[in-house]
Each structure stands twice: as C-alpha cells, then as structure tokens.
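Peer 1: 3D, please:
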Amino acid sequence: MKLSIIIPMYNEQESLDSLFVELSGLFGQEAETEIIFINDGSSDNTLNILESKIKNYPTWSIINLYRNYGKSVALQAGFDNSKGEIIATMDADLQDNPKEIHHLIEELEKGYDVVSGWKKNRKDPLEKKIASKIFNFFVRVFSGLKIHDSNCGIKVFKREVTEMLTLYGGRHRYIPLLAHQKKFLISEVVVDHREREFGISKYGVKRYSDGFFDFLTILFLGKYMDRPLHFFGSLGFISVLLGVGIESYVLYLKYILLDSFQQHIALIILGAILIIVGLQLFTFGLMGELIVNKKYKDRNYIKEIIE
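Peer 2: Below is the predicted model:
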C-alpha cells in the first residue's frame, strides 16, 4: 500500500455525502490508496452512513472506537492500523481541501519526513484566527520549529514518523513539534482553506488552557524524557549542596565561633531535610531512567474494524 489517508470524525453525518463525493473523485480508483475513517464514538448517524458508503471501496475501512476518546487517540488508532508507506491526515468537515494531499506529497518527496498544511488565508472567525496566531507564535519561539500552522488538520508523513509518535490527550496539536524533537525534517505548504459548511466547530475556550499545558508537557518531555536523571539529578544535586552548605555553616558556628548546636537547631533540621530531599530526587531520576522507554502501550480502545 502506497498511501493511507486517516480521517477522524465525531458526529460528522452532515458532511459525509460531500466528503465521499470528493474522496471518491480523487482516490476512488486508486488501488494503492487506503482510506481509514475513525469513528470516535459518534452519537449521531455517522457510523451507519459510513458503513453504507464504504461497501464499493475495497481499500476503505472504518475503525469504530468504544467511545469518544478525542482526536489524538483517533489518529493513533489510524496510525497503528494503516499500511501505507505515506500517511496523510485530514479532518472530515471539508474545510481543508482533499486535493491538497497530492501537493503535500510532492513536497514530502523533496526529502522531508513531515509536511504540514498552512492555512495562510484562514476562513475562520476572527477570535479563532487570533488564538491560532498566538499559539503558533509561542510554538515557533519556544521550540525552534519554524512553521506557521502546527495544528493544521491536513498533513502527510513518512511511515517511520508515525511509528515513532505516541498520541494521547491533546498531543495531536503538536505532531510537527513531536517529529521535530525526534530530528525529522519538517516542511509546510500553503493549502486551500474553506469556510465551514457542515456542523459546528468543536473548538472551545477550554482548548486554550489544555493546549498551553500540553505544550509545556511536550517541551519538558522532549528535553528530559530520554534523560530524567539530568532533571531530577540536577535538582537533587542543588538540594544536597545547599544542605551540606548549611550543615557546614553550623559546624563553623560550633567549632570556630564556639556556639552550641542548640542555638541553631532550625538550621540543622533544614540542612538535613535538604540533603534527604536531594537524595530522593536522585532516586526519582534513577527510577525514571529505568522506565524511560516505556510507551503508551495500553491501546485497547478499538471496538471493531469494519471492511
């Protein structure tokens, strides 16, 4: 299989007729292209419509999740069950034009590992445009990844990239950053973005705070995930150093200035606490080193695969 297209969806029944018209026109006759629809616990008629529509396409399938896990888990399910050498993602609301997948693949074939779409002329409400610009500004400044639209839904990847990704929570927003941290080559292409015709946006205020904390987590893990002892060990070293310094000062007071220990009992306790905490931080770092390669393996969220 050359190309896998993964389309997560949650309550997208209104867009499915138009989505299938566009997809069948572009990929319906391509035997080397599979399309995987991820039904992320839809409560409307999405699943039934999908089942009726894929019957004429032998390389198209549905992954039906037990419940609504969110976009990250839906994409991970698609990555885990795809067969293509190149993997593309897109949203089901058709704001991103499926034709752009071919343009992204052309850029990928220039030697990149990930190509992300850039909604340069974004057809969204003003508040969403402003939030996106702020979000992407912080990603560029603090990560060093120089792209304009990290969260664009339409992307293409080489297979080895998706095999290295572990998505959960809100990490789908930062796929280019996650790939960048693993030294993959990232590019972007300006894509056609269309006004919303179907359904309502699932973009809410809560996503701002969630996205911020996800970003901090990814930056932290990207720096220390493979070397937790560097983080905890550094804190532990500082703590032990302070503790030893305090205890040394107490000894100086006792044996040079001839003070009694009873006069400085608080300092003695503080120094002891800092040394103990420092040793505990070292221990945490060592434990982290032991589990550093443990992945998010518990992926028992697929109810069935329908072909």
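Peer 1: where along the protein do the helices fall?
Peer 2: Secondary structure of the chain (DSSP state H): helices located at 16-27, 46-53, 71-81, 100-108, 126-143, 159-164, 175-181, 206-224, 228-255, 265-291.
Peer 1: redo the ones you listed as a markdown table? Include mean pLDDT.
Peer 2: Output for the helices of the chain, formatted as a markdown table (pLDDT from 0 to 100):
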| stretch | mean pLDDT |
| --- | --- |
| helix 16-27 | 92 |
| helix 46-53 | 94 |
| helix 71-81 | 94 |
| helix 100-108 | 95 |
| helix 126-143 | 78 |
| helix 159-164 | 92 |
| helix 175-181 | 88 |
| helix 206-224 | 66 |
| helix 228-255 | 88 |
| helix 265-291 | 86 |
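Peer 1: what's the closest of those to residue 39?
Peer 2: helix 46-53 (5.0 Å; Cβ to Cβ). For glycine as for every other residue, the C-beta is placed from the backbone atoms N, C-alpha and C.
Peer 1: what comes into contact with the closest one?
Peer 2: 9-13, 16, 20, 37, 39, 62, 64, 306 (Cβ atoms under 8 Å, 6 or more residues apart in numbering).
Peer 1: the inter-axis angle of that helix versus helix 16-27?
Peer 2: Relative orientation of helix 46-53 versus helix 16-27 (axes from the mean of the first three to the mean of the last three Cα atoms, to 10 degrees): 40 degrees.
Peer 1: sorry, back to before: from the contacts of helix 46-53, pick the one nearest residue 258.
Peer 2: Nearest member of the contacts of helix 46-53 to residue 258, counting by Cβ to Cβ, is residue 10, at 74.7 Å.
Peer 1: ok, and the closest non-adjacent residue to that closest one?
Peer 2: residue 40 (4.5 Å; Cβ to Cβ, 6 or more residues apart in numbering).
Peer 1: what pLDDT is listed against the residue nearest the centre of the chain?
Peer 2: When Cα atoms, centre = their mean is applied to the chain, the residue found nearest the centroid is residue 171 (2.2 Å). For residue 171, the pLDDT comes out at 83.
Peer 1: now do the contacts for the residue nearest to it when sequence neighbours are not counted.
Peer 2: Nearest residue to residue 171 in three dimensions, chain neighbours excluded: residue 72, at 5.2 Å (Cβ to Cβ, 6+ apart). With contact set as Cβ under 8 Å, 6+ apart, residue 72 has these partners: 167-172.
Peer 1: quick one: these as JSON lines, columns for distance to residue 118 too.
Peer 2: Output for those, formatted as JSON lines (distance: Cβ to Cβ, whole Å):
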{"residue": "167", "distance to residue 118": "21"}
{"residue": "168", "distance to residue 118": "26"}
{"residue": "169", "distance to residue 118": "24"}
{"residue": "170", "distance to residue 118": "20"}
{"residue": "171", "distance to residue 118": "20"}
{"residue": "172", "distance to residue 118": "17"}
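Peer 1: out of these, which end up buried?
Peer 2: 167, 169-172 (16 or more other Cβ atoms under 10 Å).
Peer 1: mind putting those into a markdown table with distance to residue 141?
Peer 2: Output for those, formatted as a markdown table (distance: Cβ to Cβ, whole Å):
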| residue | distance to residue 141 |
| --- | --- |
| 167 | 24 |
| 169 | 22 |
| 170 | 19 |
| 171 | 20 |
| 172 | 21 |
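Peer 1: just those residues now: which is nearest residue 90?
Peer 2: Closest approach between the buried ones among the contacts of residue 72 and residue 90, by Cβ to Cβ: residue 172, at 12.6 Å.
Peer 1: how much space separates that closest one from residue 65?
Peer 2: Separation of residue 172 from residue 65 (Cβ to Cβ, to the nearest Å): 14 Å.
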